[in-house]
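1. Sequence below, structure please.
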Amino acid sequence: MERFYSIEHLTTTELRELFWSYRDRGWVDFDYFSLQPDGVTPPELPDQEIARNIHAANEHNYFVYMIDHQDEQDGIMIGFGLTEYPRFAAYLHLENGLLNEIMERYNLRIDRTGEMPFVTNEDKSVN
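-> I've put the predicted structure just below:
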């Protein structure tokens, strides 16, 4: 099960605050938007570089709560599109027990569309 929450109302400052407020309570990984050959991974960026590249207008920002979803760890995943790195995103993973706290703090509501903030093309690339 996955449930998306809208973060479109958050400003750039609020998104950066969200990242910094919870960074030490989770872990970050990176992934390309389009499929890459095996072994090709995006560079790992320092936290300051991630935060500097978070912008509210980025269409790749999203917040999802997952339980028993494919090969993902149960919990929260917040995707941040990165302004200076348009081919991949940073993902902050948090334990599911933080959901209510974050929902209240940032006034998050369930996104009834349930859709990812980007689309997958026929060739499996994402834009």
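
2. ok now the longest helix belonging to the chain, how far from the chain's centre?
-> Selection of the longest helix in the chain by residue count, based on DSSP state H, yields helix 12-22. Mean C-alpha position of helix 12-22 versus that of the full chain (CA atoms, centre = their mean, to the nearest Å) differs by 12 Å.

3. what helices or strands is that helix leaning on?
-> helix 47-52, strand 75-82, strand 85-94, helix 99-106 (3 or more CB pairs under 8 Å, 6 or more residues apart in numbering; DSSP states H and E). All C-beta atoms are positioned from the backbone trio N, CA, C, and that covers glycine.

4. Quick check: which ranges of the protein have low pLDDT?
-> Residue ranges of the chain with pLDDT under 70: 114-127.

5. Spatially central residue for it, please.
-> With distances taken as CA atoms, centre = their mean, the chain has G79 as the residue nearest its mean C-alpha position (0.9 Å).

6. what sits against that residue?
-> Neighbour list for G79: H60, N61, Y62, F63, V64, A89, A90, Y91, P117 [criterion: CB atoms under 8 Å, 6 or more residues apart in numbering].

7. Between strand 75-82 and the helix or strand that comes right after the longest helix of the chain, find me the angle.
-> Next helix or strand after helix 12-22 toward the C-terminus (DSSP states H and E): strand 26-32. Here the directions of strand 26-32 and strand 75-82 differ by 50 degrees (axes from the mean of the first three to the mean of the last three CA atoms, to 10 degrees).

8. buried stuff in strand 26-32?
-> Residues G26, V28, F30 are the ones in strand 26-32 that count as buried (16 or more other CB atoms under 10 Å).
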